[in-house]
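S.K.: sequence plus predicted model, see below.
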Amino acid sequence: MRVPFIKMHGLGNDFIILDAREAQLPDLSEQTAAALANRRTGIGCDQLILLETSDAADFRMRIFNSDGSEVEACGNASRAVALMHGERACVETDGGIITLSPTNSGARVDMGEPAFEWDAIPLDYAMDTAAMPVSWEMLANPSAVNVGNPHVVFFVPDCEAVPLDRLGPEIEHDPLFPERINVNVADVRDGAINLRVWERGAGLTRACGTGACATAVAALKRGLVTSPVTVNLPGGALTIEWSEGSTIVMEGPATEAFRGSFEWADYA
Ligand SMILES: N[C@H](CCC[C@H](N)C(=O)O)C(=O)O
């Protein structure tokens with residue numbers, strides 16, 4: 001079976017998008033997702049995105065990391081799907097309902113409300129998620145926020161100085177995080193956030209939309225910045241708006257790279 005796809009990215013965080021809303025596709029296994037995402041033997045992406053019909057929203061967006069793991073949220077892909085869909089839409093994800101509003105260069109996405117309770121992150125045991133009494137070498141006293149998916153956020157003097165390629169996987173797989181975790185290291189300068197992210201199931205990426213949301217919320221709760229806040233990632237900048245009790249709104253670019261097709265049997 002020949003299957004069409006669209007290759008898109010949000011600030012260099014890249015996606016293969018499969019659209020099963022009209023044409024039924026075979027069941028997508030985590031093995032097939034990982035094979036398609038493989039940059040050497042497959043098409044290559046950070047996340048694979050599958051669009052399906054939904055009874056609860058305009059459509060459903062499913063998210064598979066490049067290791068094959070299916071997860072709840074993907075901010076950059078939400079903007080890419082908004083641009084592709086071309087009009088305002090409510091979208092069902094495993095992390096809740098999000099609202100997409102295309103702009104002429106990408107999209108504004110309402111990501112829903114963040115959660116802060118230790119068992120909503122989730123953590124393996126109770127603790128204060130605003131300043132967790134844990135550390136990994138120079139990374140200490142983080143915040144934890146769930147923005148549909150789980151994030152831990154460390155504030156440091158210089159995010160470029162952190163050996164994230166080594167500490168990221170160590171923290172991602174720590175037993176404190178029963179569903180693993182996305183690892184954010186950030187510094188704050190001139191009212192803006194500089195952010196690097198080790199993504200659960202995908203590793204270092206050029207940008208992470210949900211990481212930008214979680215880090216902005218953590219910084220706003222600590223009084224380090226004011227809303228709206230610019231978050232500078234290696235791939236570019238996003239703007240995040242949030243205040244206590246409200247939903248998170250993220251705005252930024254999305255880009256279509258190319259369209260193609262592949263033989264499903266080659267990856268099944
Ligand atoms: N790159 C995505 C994050 C994917 C999240 C995934 N790594 C997870 O396991 O939650 C974003 O822009 O939000």
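M.R.: Happy to help now that I have it.
S.K.: counting by contacts, list what the longest helix seen in the chain packs against.
M.R.: Secondary structure of the chain per DSSP state H: the longest helix is helix 209-221. Packing partners of helix 209-221 (3 or more CB pairs under 8 Å, 6 or more residues apart in numbering; DSSP states H and E): helix 75-85, strand 143-146, strand 150-155, strand 182-189, strand 192-199, strand 229-233, strand 236-241, strand 249-253. For the C-beta atoms, the positions are set from N, CA and C on the backbone; glycine is no exception.
S.K.: show me what contacts residue 77?
M.R.: Residues counted as contacts of residue 77 (CB atoms under 8 Å, 6 or more residues apart in numbering) are 8, 10, 13, 15, 17, 47, 49, 61, 63, 209.
S.K.: same thing but 6 Å
M.R.: Contacts for residue 77 were tallied using CB atoms under 6 Å, 6 or more residues apart in numbering; they are 15, 47, 49.
S.K.: ok, now residue 189?
M.R.: Applying CB under 6 Å, 6+ apart to residue 189 gives no contacts.
S.K.: what residues does the stretch 101-250 of the chain have near the ligand?
M.R.: Contact residues (CB under 6 Å from any ligand atom) of the stretch 101-250 of the chain with the ligand: 149, 182, 199, 200, 201, 202, 205, 208, 209, 210.
S.K.: so the second one makes contact with residue 151?
M.R.: Meaning residue 182. Yes: counting by CB atoms under 6 Å, residue 182 touches residue 151, with 4.7 Å between them.
S.K.: coming back round to it: the longest helix of the chain vs strand 236-241, what angle?
M.R.: Relative orientation of helix 209-221 versus strand 236-241 (axes from the mean of the first three to the mean of the last three CA atoms, to 10 degrees): 50 degrees.
S.K.: and for the closest residue to residue 228 other than its chain neighbours, the neighbour number?
M.R.: Spatial nearest neighbour of residue 228, excluding adjacent residues (CB to CB, 6 or more residues apart in numbering): residue 241 at 4.4 Å. Residues near residue 241, counting by other CB atoms under 10 Å, number 18.
S.K.: residue 241 bridge partners, please.
M.R.: With DSSP bridges as the criterion, residue 241 is bridged to residue 249.
S.K.: out of the contacts of residue 77, which are inside strands?
M.R.: Counted as lying in strands by DSSP state E, out of these, are 15, 47, 49.
S.K.: so the first one sits right up against residue 8, yeah?
M.R.: Spelled out, that is residue 15. Yes: applying CB under 6 Å, one finds residue 15 in contact with residue 8, separated by 5.2 Å.
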